[in-house]
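predicted model, plus sequence, below.
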Amino acid sequence: MATSSYTTTQYTSEQFVESCGAILFDVHNSTVCLIYYHAKNEWILAKGRRNCNESRHDAALRELREETGYQAHLHPVMMQTRAPPMDEQQHTPDQPRAFPDLVEPFMMTLRQLGGDGERDIKLIWWFIAALDDAGIASSDPGGEEGFTPKFFRLPEAMQKLTFQNDRDVLERAIALVEPDLS
């Protein structure tokens with residue numbers, strides 16, 4: 001029996017969890033929303049587990065709404081992806097190409113969960129979101145208990161985040177949304 005020449009690791013449904021997060025921008029004020037997690041004294045990005053039968057898009061927006069209280073939509077950006085175009089007519093090579101107006105994940109984080117030889121993992125799919133026109137960043141949205149959302153100017157947000165991994169995600173999101181900022 002043949003084996004693939006590619007290094008492959010497979011996980012059963014008991015070994016992985018999918019999370020979805022969204023970086024929330026107020027594009028009119030060039031600010032981004034971070035969440036203060038009181039229990040751990042951490043500044044983090046909005047994310048959480050995807051529910052059974054829930055799309056990644058819906059999970060990202062639901063988690064954002066639950067943790068910040070803000071209504072938002074996925075914000076289309078120009079980005080590179082290895083995915084073929086929706087209207088693929090012929091075989092498209094598996095290589096990065098730029099497409100406008102995408103609301104696909106712009107980054108994926110793979111986090112090892114298990115210790116002592118356990119192989120459990122968390123996949124975090126990251127999206128870019130923007131406040132709905134009705135949402136006003138200066139109002140108190142009333143997010144989930146234990147979390148306080150706050151909008152920051154981009155350089156301050158980069159410094160405020162507790163974890164370098166979150167700063168890496170935010171840095172990439174800023175680069176993609178920068179052309180849309182006022």
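Noted; the coordinates are in hand.

ok, R111 - contacts?
Neighbouring residues of R111 by Cβ atoms under 8 Å, 6 or more residues apart in numbering: 121-124. C-betas here are computed from N, CA, C, even on glycine.

out of those, which is most surrounded?
I124 (23 neighbours; other Cβ atoms under 10 Å).

Provide the strand pairings for the helix or strand where that one lies, with the direction of each partner.
Secondary structure from DSSP states H and E places I124 in strand 121-131. If you go by DSSP bridges, strand 121-131 pairs up with strand 16-26 (parallel), strand 72-74 (antiparallel), strand 107-112 (antiparallel).

please identify the most buried of those strands.
When you average the neighbours per residue for each of the strands paired with strand 121-131 (mean count of other Cβ atoms under 10 Å), strand 16-26 leads with a mean of 23.

return the distance of that one from the chain's centre.
Relative to the chain's own centre, strand 16-26 is displaced by 3 Å; criterion: Cα atoms, centre = their mean, to the nearest Å.

save the strands paired with strand 121-131 as CSV, and put in distance to H57 too.
Shown next, in CSV, are those (distance: least, Cβ to Cβ, whole Å):
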stretch, distance to H57
strand 16-26, 8
strand 72-74, 6
strand 107-112, 14
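
please name whichever of those strands is nearest to D58.
Closest to D58 of these is strand 16-26 (Cβ to Cβ; 8.4 Å).

average pLDDT across the following helix or strand past the closest one?
Remark: after strand 16-26, the chain's next helix or strand is strand 31-37, criterion DSSP H and E. On average, the pLDDT along strand 31-37 is 97.

so strand 31-37 versus strand 16-26, what angle?
Angle, strand 31-37 to strand 16-26, by axes from the mean of the first three to the mean of the last three Cα atoms, to 10 degrees: 130 degrees.

which residues touch stretch 59-67?
18-22, 24, 35, 46-51, 54, 70-74, 125, 127, 129, 143-144, 147, 149.

and if we set it to 7 Å?
Stretch 59-67 has contacts (Cβ atoms under 7 Å, 6 or more residues apart in numbering) with 20-22, 24, 35, 46-48, 50-51, 70-72, 74, 127, 129, 143-144, 147.

and it, how far from the chain's centre?
So, by Cα atoms, centre = their mean, the centroid of stretch 59-67 is 10 Å from its chain's centroid.

pull out the buried positions in that stretch.
Of the residues in stretch 59-67, 59-65, 67 count as buried by neighbour count, 16 or more other Cβ atoms under 10 Å.
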